Structure formats: structure tokens, C-alpha cells
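*Asks:* Take a look and give me a structure for this.
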Amino acid sequence: MKVLHFTPSVHPEKLGTSRRLTQLLLEDGNTHYFAAPARPGSGAGTGWEEYANFLILRCPCRSRVGPEVPVFSRYLKAALNSRRLAQIYPPDPPDLVHGHSPLDFAQAARRFAREKDLSLIYEIHTLFVDEVAHRRRAGIPAGLNRAAKALAKIREAGIIRHSRRVIVQTESLRERIVDLFSLSPELVRVIPNGIDGRVFDPAARREDRLRLRREKVWEDKMVVLYSGYLDRINGVDFLLRAAAEFAEGVKKRLRLVLAGDGPLAESLRRRAAEEPDFLEFLGAVDPRDMPALYAAADVFVVPRPDTEAGQSLVPIKLLEAMAMEKVILASDLDALSEALGAGRFGVLFRREEAGKFRDKFEAVIERFADFAPLGTRARAEVLARYDWDRSRKLLGELYRELAGGGDNP
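*Replies:* Residues are numbered from 1 along each chain as shown. Reported below is the predicted structural model:
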């Protein structure tokens, strides 16, 4: 089967990053054509790049259009980009079209599917209505924000209306989309993120744990790890504010380790220099080194605040940490609670409440042996529900169900 994707990002040359598309579609028995933006600074490609069962055409896309006005400038950018993207054509006729959010790529997918009378699948990573005007900016009237969100909902509804199926990654997002757009539940399928249990296997990483803890001088410390994008949307600033209030006795027993890149990287670097015995900043970590880093840690934290997008997404790094049998401490957002079985596979704290976070955190540190069995149960849950082979099978079944006919609404 030949599937044409319109997507903002695909990185088959970086298998270690566990990128969703790469891991989900690699060598699945189908041929996948991707229309994707050119890498920043590299310009558009001159032909189709070939990787295993992937062929990629890097297209010129605008990153912005004029002054930033919530939704409106983004919608203009999406309209221009989608028209340009929809003009590409793969070497062989596709059997169906798989469009991915954001709007630029979903609109291009809809345009192509309608012109060629092919089935359209729309995969929503984050709702467009959640991405736009999520934070009111100084000087922008509240009414403009409301109008922007209303327009975003209308545009996304148009894509959904012309899709034969919608794919999401969590049951939480599925329920929300069904309610928000008054859809039949059968239209929306959950195909979750996943992990490779052979790569993220604590039994195979025991020597890595001992080696890294020895090299980092963590042997007498309780190592608490955060890994991910370093911004406020992921709760990194909340984590640091809460950690600053830990009792000195608790701090002496801990090493709080942060790995990643993002807007808060430099402030974290400075903070780590001020408290070298408590806080350690690793910067961006090579994906190939992540299993060893998980192995060396004892606790993994996901301190996300309450945002519309955050309520519906499960980060792959959470699943990786669960597979490595870490004790998880996470905010009680719907999607995180879903992955952690409402507390059966990890410890949940009341979102954005620093006092509740510290209470749970200190309980884990003081009685770690009591919480350690959560890690064992977390790995079993991930292998049963969040394995790439399972997700690949679900997607393959959907492809076979829809291929061979348009009939888009």
C-alpha cells in the first residue's frame, strides 16, 4: 500500500529519537511518501529522499507571514503553505492520504484527497484551537482572542468533516474531540504513542546504571530526572520553584537532574552553577544515551501545568521512563492520569500546587521502597498498551480498512 503524508516533521535518519512517525511506520510493509518542510536553513530539496520504506520531498514553507496576530496570521500562513504543499505528487499514485496537524498540512492533505478522490485520515497531535491564542498577550483585546479561537474551531471542523477517520493518541483527546465537534465516536480512533521494550529494558541496563552513577558521583544520591523540552508549558519553572522549597535535609539526599533544550536552558545552566550539589543540568542528551540515563535515575518527574493541549498528550519520554521501571511523579492531567492508571502505575499530584507536589515528592523520597513496585507495574502496563508493534498493527488495520476508495464527506 502507498500512503501520502503531509506532515510538519519526519526524521527517519534519527531513529534513536523515537519520533512517532519514524517508529510507527518504519518497515511496516507499506510505502510512505512524505511532503514535509525543508529543514531550517537548508532550502527545499531537489528530489525525493529515500530511507527504507520512506520517500521524502522537502518543500519550501513559510514560517511566518507578516506581524503576528493570533490565529489570523497563522491561518494566512497555513493557506499559503497548504496550497504549495498540495501541488506535489509522489512517484506512484497513493492509495490514501494521511494528513497531520497543524492546519497547514491538514489542509494540503484535504485538498489533495479531494482532487484525487482518495480517503483522508487526519491525525491530530494538538488541536488547532488549543494552539492559538492560548495565552492572552499584552495589548491584544480579549474579544480578538475569542474570535481567533472561534475561527480556529471552524477551520479544524472543516478538515474533520472531510476526513473518513481521525487519529488521536489518547482516549482523553478522543472524548474531547467527539464532544467539541459533535462527532460519532466511531470516527475517532486512538493509536497511542509507544516504546520499544527491547531498547528500554532495565534488566539489560544494570551495568549502565552502575557505570553512569559512578561517573556522575551519584552513588549516594536519590536521582530525580526530568527530560524533555525546557519551557513553562512543560512545567520546568514550576519544578524549580517547588524544589527551591525542599527542606535542606531532603536536598542533601537528592540530585535533581534536568536534560533537554529549550527557552529555559540558559537559566537552568546558571541555576545549576549556583547549586551544584543539588541541581545538575545535562543539556540536550543524545537519544542513544537516554536508556542509560533512565537506568541511572530513581524517580522521573512530569510537572506539566494545566493547559488544553497538556490535558490530552502523553509524552513519549513518560512511556520510556515507565518501561525502565522508574517511579513516576506526574501532575494529574487527564492524559497523564490515563497513562498512569489513575495512580496504579505512578504517583499523581494536584497540578500546579507546589505544596501538594512537595508532599508527594518527600513521601516518595522518605519511603522509596514502598513506591518502587509502581515501577514494575508501570513497565507491564507499557508493554501491554504502549508498544510500537501494537500501535503499528492498529494503524495498519485502519489503512487496510480505508484504502481503495475516496468517499470523503
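*Asks:* Tell me both backbone torsions, phi and psi, for Ser227.
*Replies:* For Ser227, the backbone dihedrals (degrees, to the nearest 10) come out as phi -140, psi 130.
*Asks:* Could you identify the helix or strand that succeeds the helix or strand that contains Gln107?
*Replies:* Element membership for Gln107 (DSSP states H and E) is helix 103-116. Once the chain leaves helix 103-116, the next helix or strand it forms, by DSSP H and E, is strand 119-123.
*Asks:* for Leu55, helix, strand, or coil?
*Replies:* The assignment at Leu55 comes out as strand when based on DSSP: H, G, I helix; E, B strand; the rest coil.
*Asks:* can you give me the strands in the stretch 101-250 of the chain?
*Replies:* Secondary structure of the stretch 101-250 of the chain (DSSP state E, counting those that start in this stretch): strands at 119-123, 165-168, 188-190, 222-227.
*Asks:* Which strands or helices does the second one pack on?
*Replies:* If contacts are counted by 3 or more C-beta pairs under 8 Å, 6 or more residues apart in numbering; DSSP states H and E, strand 165-168 sits against strand 119-123, helix 171-180, strand 188-190, helix 388-402. For glycine as for every other residue, the C-beta is placed from the backbone atoms N, C-alpha and C.
*Asks:* what's the answer for the shortest one, then?
*Replies:* Helices and strands touching strand 188-190, as assessed by 3+ C-beta pairs under 8 Å, 6+ apart, comprise strand 165-168, helix 171-180.
*Asks:* again with the first one
*Replies:* Secondary structure elements in contact with strand 119-123, counted by 3+ C-beta pairs under 8 Å, 6+ apart, are strand 96-100, helix 103-116, strand 165-168, helix 388-402.
*Asks:* Kindly recompute the last result at 7 Å.
*Replies:* Counting contacts by 3 or more C-beta pairs under 7 Å, 6 or more residues apart in numbering; DSSP states H and E, strand 119-123 packs against strand 96-100, helix 103-116, strand 165-168.
*Asks:* Any idea which of the ones you listed has the lowest pLDDT on average?
*Replies:* Of all the helices and strands packed on strand 119-123, mean pLDDT reaches its minimum on helix 103-116 (a mean of 88).
*Asks:* Quick one: distance of that helix to the chain centre.
*Replies:* Between the centre of helix 103-116 and the centre of its chain there are 23 Å (C-alpha atoms, centre = their mean, to the nearest Å).
*Asks:* Once you drop chain neighbours, what's closest to Leu254?
*Replies:* Excluding its sequence neighbours, the residue lying closest to Leu254 (C-beta to C-beta, 6 or more residues apart in numbering) is Met222, at 5.3 Å.
*Asks:* quick one, what contacts that neighbour?
*Replies:* Arg253, Leu254, Asp298, Ile365, Phe368 (C-beta atoms under 7 Å, 6 or more residues apart in numbering).
*Asks:* could you redo the last one with a cut-off of 8 Å?
*Replies:* Contacts were defined as C-beta atoms under 8 Å, 6 or more residues apart in numbering; by that measure Met222 touches Arg253, Leu254, Arg255, Asp298, Val299, Ile365, Phe368.
*Asks:* follow-up on the earlier one: among the helices and strands packed on strand 119-123, show me which one is buried the most.
*Replies:* Burial among the helices and strands packed on strand 119-123, expressed as mean neighbours by mean count of other C-beta atoms under 10 Å, is greatest for strand 96-100, which shows a mean of 27.
*Asks:* What is the most widely separated pair among the contacts of Met222?
*Replies:* Greatest spatial distance in the contacts of Met222: Arg255 and Phe368, 14.1 Å, computed using C-beta to C-beta.
*Asks:* Settle it for me: which of the two has more neighbours?
*Replies:* Neighbours per residue (other C-beta atoms under 10 Å) separate Arg255 from Phe368, with Arg255 holding more: 22 against 13.
*Asks:* contacts for the helix or strand containing that one?
*Replies:* Taking DSSP H and E as the criterion, the element that holds Arg255 is strand 254-259. Residues lying outside strand 254-259 but in contact with it, judged by C-beta under 8 Å, 6+ apart, are 216, 218, 221-227, 230, 236, 243, 246, 268, 272, 278-285, 293, 297, 365.
*Asks:* Domain boundaries for the protein, per the record?
*Replies:* The chain breaks down into these domains under automatic domain parsing: 2-194+387-402, 202-385.
*Asks:* weakest of those by average pLDDT?
*Replies:* Least confident of the domains of the chain, judged by mean pLDDT, is domain 2-194+387-402 with a mean of 82.
*Asks:* Now the terminal residues of that domain, how far apart.
*Replies:* 12 Å (C-alpha to C-alpha, to the nearest Å).
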